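Asks: need coordinates for the following:
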Amino acid sequence: MHTAPETPSSRQALWAMYTAVPAVVAGYPLLEALQACRRQAMAAEPGPGRAPFNRIAHSTRTWMHGDRDFNTPTVDLLYSNAWIDLRQGPVVLEIPARSRFFVVQLLDVHTENFFNLGTRNVPAGGARYALLPPGAPASLAPAGTQAVPCPSALVWLLGRVIVDGAMDLSAARAVQEGFVLHGTAVGSPFPCLGQWTDTGDAALDFFANLSRALQDFPPPAALRAPLEMLSGLLPPGASPSGLRPLVVDGLRGAWREAMALIEAHTHAASRAPWRFSTRLGRFGQDHMLRAATAWKGIGALAADEAIYAAADYDQHGDLLHGQHTFRIRFTDGGDLPADAFWSITLYGEDRFLPAVAPQRHALGSRSGLVKDADGSLSLHMGQRPPAGGPQSNWLPAPDAPFYLVLRLYHQQARLLEGRYAFPAVERLD
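Replies: All right, here's what the predicted structure looks like:
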């Protein structure tokens, strides 16, 4: 939680602050992506989803409370993860024959979900795809591959394979093992990754890392204007420590102001029970949506693959907290507008899976839920299961603030056309 920003006292510092605030908003997703890359492709310790550049790491279990490489993970799917360096040329991605729901997401370094490969567009027998460096001609793709132009030389691959409990793990893992990368081994990381600044001064560290990152990854057209404004204060590659004190004061103010704005935009201004955006993953020039997504759900799929609806508030407009009990009642019996599947996951205020007992973090269309006598479907959230109700329909909540994310994979037109409304999260006590 960021405290209220402190406004610089001098006009020169104010000018620096107002100039740099848009750059912080636009640059925040880039640095969050690079932080994830450093944790996963350059980690000293092994962990789910960690592997060297141009190699895929497969999570052999669903994620739990202690898994923290990126926020807001799902527990309905097994992840496959890779960071792909295209500086030496194309990298070939092999996709296996279809046998169950999966999607392999490709994101650029600014978190744009520029392409997906899944059960809706991969041939039934599988295929091979050549991930091409920026600007490379399609003729560079090896024979027998389909060319996929990539907008940045560093690409984040995030694969998801559906899994139905412990008994289904081996079958899901078999699909994961069919995701294979064929590419040149990487000798050294991008310079900005190897020269990361972490002095404990969050504001100046941010600008130092952003300045170096923009040398390695010039902004695309959609992000160019706010990031080029920063170059008048801090040229790419320059260190903020060498700037005049008034400019440094302005940069500190810009970081505080921008981070407070980003955090504020992760909550619905109207305190609506649910909210979702059809621009998620394909952000264009919506810099704040890109930043708020990186804050609360980095790596989100584009809306043509999945819809993420978030709930922070109950029917009274109060933030959700585990000291109360809640219910979501689907009068349609859980007939949500998703052709693949849907699920609701509970997260702590730190944006990760909370430490609760039992370790159940999601409920959905594949959870064996029990309907009410009248055919409706009621889900409960709280520290204790509902009295007299089925425990299968209960999500344990921490004694702390939390929020919910409802995911719908392969959503139906009736959702996007406004012909379906999500029920409110009702506080019962």
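Asks: could you give the mean pLDDT of the helix or strand hosting residue 380?
Replies: Using DSSP states H and E, residue 380 sits in strand 377-382. Mean pLDDT, strand 377-382: 98.
Asks: list the contacts of the helix or strand following it.
Replies: Heading C-terminal from strand 377-382, the first helix or strand you meet, by DSSP H and E, is strand 394-396. Here strand 394-396 makes contact (Cβ atoms under 8 Å, 6 or more residues apart in numbering) with 344, 346, 356-358, 360-363, 379-383, 385-386. Every C-beta, even on glycine, is put in place using the N, C-alpha and C of the backbone.
Asks: which among the residues you listed count as buried?
Replies: 344, 346, 356, 361, 362, 363, 379, 380, 381, 382, 385, 386 (16 or more other Cβ atoms under 10 Å).
Asks: how about the contacts made by the third one?
Replies: The neighbourhood of residue 356, defined by Cβ under 8 Å, 6+ apart, consists of 65, 396, 397, 398.
Asks: and the spatially most central residue of the chain, backbone torsions?
Replies: The chain has residue 298 as the residue nearest its centroid, 2.0 Å off, counting by Cα atoms, centre = their mean. Taking degrees, to the nearest 10, you get phi -60, psi 140 for the backbone angles of residue 298.
Asks: do the same with the one 5 residues further on
Replies: Recorded main-chain torsions at residue 303 are phi -70, psi -10, according to degrees, to the nearest 10.
Asks: mind listing what it touches?
Replies: 277, 278, 279, 280, 281, 282, 411.
Asks: if we go to 10 Å?
Replies: 113, 276, 277, 278, 279, 280, 281, 282, 408, 411, 416 (Cβ atoms under 10 Å, 6 or more residues apart in numbering).
Asks: you'd agree residue 410 is up against residue 340?
Replies: Yes: if you go by Cβ atoms under 10 Å, residue 410 and residue 340 touch, sitting 4.1 Å apart.
Asks: if I look at those two, which residues touch both of them?
Replies: By Cβ under 10 Å, 6+ apart, residue 410 and residue 340 have these common neighbours: 101, 103, 118, 119, 120, 305, 306.
Asks: quick check: closest non-adjacent residue to the first one.
Replies: Taking Cβ to Cβ, 6 or more residues apart in numbering as the measure, residue 101 lies nearest to residue 162, with 4.2 Å between them; neighbours along the chain are not counted.
Asks: flag the shaky bits of this protein, pLDDT-wise.
Replies: The chain contains residues with pLDDT under 70 at 1-7, 9.
Asks: how about the helices in the stretch 251-400 of the chain?
Replies: Taking DSSP state H, counting those that start in this stretch, the helices of the stretch 251-400 of the chain run over residues 287-297.
Asks: neighbour count and distance to residue 247 added to the contacts of residue 303, as a markdown table?
Replies: Below are the contacts of residue 303 laid out as a markdown table (neighbours: other Cβ atoms under 10 Å; distance: Cβ to Cβ, whole Å):
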| residue | neighbour count | distance to residue 247 |
| --- | --- | --- |
| 113 | 22 | 35 |
| 276 | 19 | 40 |
| 277 | 17 | 35 |
| 278 | 13 | 39 |
| 279 | 14 | 34 |
| 280 | 22 | 35 |
| 281 | 25 | 35 |
| 282 | 14 | 35 |
| 408 | 25 | 46 |
| 411 | 24 | 47 |
| 416 | 14 | 46 |
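Asks: just checking, which of those residues belong to strands?
Replies: Among the contacts of residue 303, DSSP state E puts 113, 408, 411 in strands.
Asks: so how far is residue 343 from the second one?
Replies: In this structure, residue 408 lies at 9 Å from residue 343, with Cβ to Cβ, to the nearest Å as the measure.
Asks: what do you get for the last one?
Replies: Shown here: residue 411 relative to residue 343, a distance of 13 Å by Cβ to Cβ.
Asks: need the overlap of contacts for the two.
Replies: Taking Cβ under 10 Å, 6+ apart as the criterion, residue 411 and residue 343 both touch residue 336.
Asks: ok, back up a step: in the shared contacts of residue 410 and residue 340, find the pair that's most separated.
Replies: 119 and 306 (12.4 Å; Cβ to Cβ).
Asks: between the two, tell me which one has more neighbours.
Replies: Taking neighbours as other Cβ atoms under 10 Å, residue 119 and residue 306 compare with residue 306 leading, 23 against 16.
Asks: that one touches residue 338, doesn't it?
Replies: Yes: Residue 306 lies in contact with residue 338 (Cβ under 10 Å); the separation is 8.7 Å.
Asks: what is in contact with those two at once?
Replies: Listed as contacting both residue 306 and residue 338 by Cβ under 10 Å, 6+ apart are 407, 408, 409, 410, 411.
Asks: tell me the two of these that are most distant?
Replies: 407 and 410 (10.9 Å).
Asks: show me which of these two is the more surrounded one.
Replies: The neighbour comparison of residue 407 against residue 410 (other Cβ under 10 Å) goes to residue 407, with 24 against 19.
Asks: quick one: the more buried one from residue 40, how far?
Replies: As judged by Cβ to Cβ, residue 407 and residue 40 stand 22 Å apart.
Asks: measure the closest residue to residue 311 other than its chain neighbours to residue 425 for me?
Replies: Leaving aside its chain neighbours, residue 311 sits nearest to residue 404 (4.4 Å; criterion: Cβ to Cβ, 6+ apart). Residue 404 sits 7 Å away from residue 425, going by Cβ to Cβ.
Asks: joint contacts of those two?
Replies: With Cβ under 10 Å, 6+ apart, residue 404 and residue 425 have common neighbours 273, 274, 311, 312, 320, 326, 328, 344, 379, 381.
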